[in-house]
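Student: Any chance you could fold what I've pasted below:
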Amino acid sequence: MVYWIYIWKSKILLFNKSYQVFFSRKIVNLGFILTKINMLKKTSKIAMIILAAITIFSCKTVQQANLKEIKPFVGIWNDTTNPGSKIVFKSDGSFYNLAKENGVQVVTHSGTFKILSNNMYVLNISDARIDATYDLKGRQYANYYTLGSDQKTMKVSGYVDGRNGGKGLKWASDLVKVNRLD
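Tutor: Numbers count the residues shown, from 1 in each chain. I've put the predicted structure just below:
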C-alpha cells in the first residue's frame, strides 16, 4: 500500500492511495524543535568564524616569530674567507649562494633555511650547479653560526658530502653584511 505524508498547520497527515486521510496527529513541539535547530546553526556558524579567526591569527604569529628569528640573517653577506663569494638570506626563508667566475656572479646553489637554535641553522638545498664538486642538490645540511655583537659579522661552519662518493668538505667562513651585490 502507498502512503503520502503531508505536514500542515503543525499536523502530520498520512494519506492512502485514494487521498483519504489515513492518519492525523498534531505535532506538539515542532516550533520548539525548529527554533533549537536554527539556534544550533547560528551557534555553529559563529564557532566556525571564531575558529577561522584563531587559525589565521596563530599562523600570522608563527610567521612573525619566524621573521623575528631570522631577521639577523636576512641580507647580503660577503664571504671574506672566499673572495668573490656571497650568500643572500631573504626574509621569506630562502637563500642563494653566489660565486664570481670570469667577472660574472653565478648562483652556485639555493634553497631554504631555518634557524634551529642560537648557534645552528639548517639549509634545505633545492637547486645546485650540475658540475658541483659536492653533493648539494636535494640535501639538507645543519650548519653552525656565531653572530657578531653588532650583527654585521657572522662566522659559519659545516660539513658537506662529496659528490659520487668523493671526499666531503668541512668548511668555515667569515661573513660581513653588505648593502648591495657588487
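
Student: drop to CA atoms for contacts and neighbour counts, all remaining ones
Tutor: Will do.

Student: Show me how the record splits the chain into domains.
Tutor: 4-70, 75-178 (automatic domain parsing).

Student: Export the ones you listed as TSV, with columns for mean pLDDT and mean neighbour count.
Tutor: TSV is the format used below for these (pLDDT from 0 to 100; neighbours: other Cα atoms under 10 Å):
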stretch	mean pLDDT	mean neighbour count
domain 4-70	62	12
domain 75-178	89	16
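
Student: I figured K71 was touching S91, is that so?
Tutor: Yes. In this structure, K71 is within contact of S91 by Cα atoms under 8 Å, at 7.1 Å.

Student: how far out from the middle of the chain is stretch 128-143?
Tutor: Stretch 128-143 has its C-alpha centroid displaced from the chain centroid by 23 Å (Cα atoms, centre = their mean, to the nearest Å).

Student: Let the chain start at 49 from now.
Tutor: In the new numbering, first residue 49, that becomes stretch 176-191.

Student: Between the two ends of it, how far is it?
Tutor: Stretch 176-191 stretches 17 Å from its first residue to its last (Cα to Cα, to the nearest Å).

Student: Same check on stretch 171-180?
Tutor: 17 Å.

Student: How about stretch 208-222?
Tutor: End-to-end distance of stretch 208-222 (Cα to Cα): 17 Å.

Student: what sits against V154?
Tutor: 146-148 (Cα atoms under 8 Å, 6 or more residues apart in numbering).

Student: Indicate each strand paired with the longest strand along the chain and its parallel or antiparallel sense.
Tutor: Longest strand in the chain, counting residues (DSSP state E): strand 152-163. Strand 152-163 has its sheet partners listed here by DSSP bridges as strand 142-149 (antiparallel), strand 168-176 (antiparallel).

Student: Serialize those strands to a markdown table and add fields for distance to D198.
Tutor: Shown next, in a markdown table, are the strands paired with strand 152-163 (distance: least, Cα to Cα, whole Å):
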| stretch | distance to D198 |
| --- | --- |
| strand 142-149 | 22 |
| strand 168-176 | 19 |
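
Student: Spell out the secondary structure type for M202.
Tutor: Taking DSSP: H, G, I helix; E, B strand; the rest coil as the rule, one finds M202 in the strand state.
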